[in-house]
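Engineer: Build me a model:
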Amino acid sequence: MKNKHDKAVEIFAKKMHCSQAVLAAFSEECGISEAQAFRLGSCFGSGMRKGEVCGACTGALMVLGLLYGQEHIGNLEERELSNRINDMFMNRFKEANGSYICNDLLGHDVSTPEGVQKARAEGLFTEFCPKMVASAVDILEEIIEKIDVK
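Structural biologist: Residues are numbered from 1 along each chain as shown. As a prediction, this is how the structure comes out:
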């Protein structure tokens, strides 16, 4: 059995978005199918195709939302927990990688065809992005392992 780190990187290598790869690696724990994870994460790759928040981060936040998110209207304790976990993940990802903004991480504006072409020519999608997928999974596993939801 593959660990989540390897599973996510393998999914990403099969031409799925970073967001899809991270979410799908945790689909079972989240109570969704891999196909549902692929669909849910499909619009978040490359920072929602605008170079904004890295898709690996949005995939991780989807996992955290499914596991610890607010589900009851008006429940401020649930909201506080999800806010705290969100901040924890984003801060750790930025600390580990220098940013959580896709364009900053890649050094190119991937919201433009020229930026995508440059990133592709430099091998960033095949060499750099898998490292961001792996980092998101590793941070996610650490948070899930250590989180105190009580």
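
Engineer: Neighbours of the residue nearest to Ile144 when sequence neighbours are not counted, how many?
Structural biologist: Spatial nearest neighbour of Ile144, excluding adjacent residues (Cβ to Cβ, 6 or more residues apart in numbering): Leu67 at 6.9 Å. To be clear about C-beta, it is placed using only N, CA and C from the backbone, and glycine gets the same treatment. Neighbourhood size, Leu67 [other Cβ atoms under 10 Å]: 18.

Engineer: now swap in Asp104 and tell me
Structural biologist: Based on other Cβ under 10 Å, the number of other residues close to Asp104 is 15.

Engineer: residue ranges with poor pLDDT in this structure?
Structural biologist: Within the chain, the stretches with pLDDT under 70 are 1, 148-150.

Engineer: and Ile85, what does it touch?
Structural biologist: Leu64, Tyr68, Ile143, Ile147 (Cβ atoms under 8 Å, 6 or more residues apart in numbering).

Engineer: So the residue nearest to Ile144: helix, strand or coil?
Structural biologist: helix (DSSP: H, G, I helix; E, B strand; the rest coil).

Engineer: Would you list the phi and psi of the most centrally placed residue in the chain?
Structural biologist: When the chain is reduced to its mean C-alpha position, the nearest residue by Cα atoms, centre = their mean turns out to be Ala56, at 2.5 Å. With angles defined as degrees, to the nearest 10, Ala56 sits at phi -60, psi -40.
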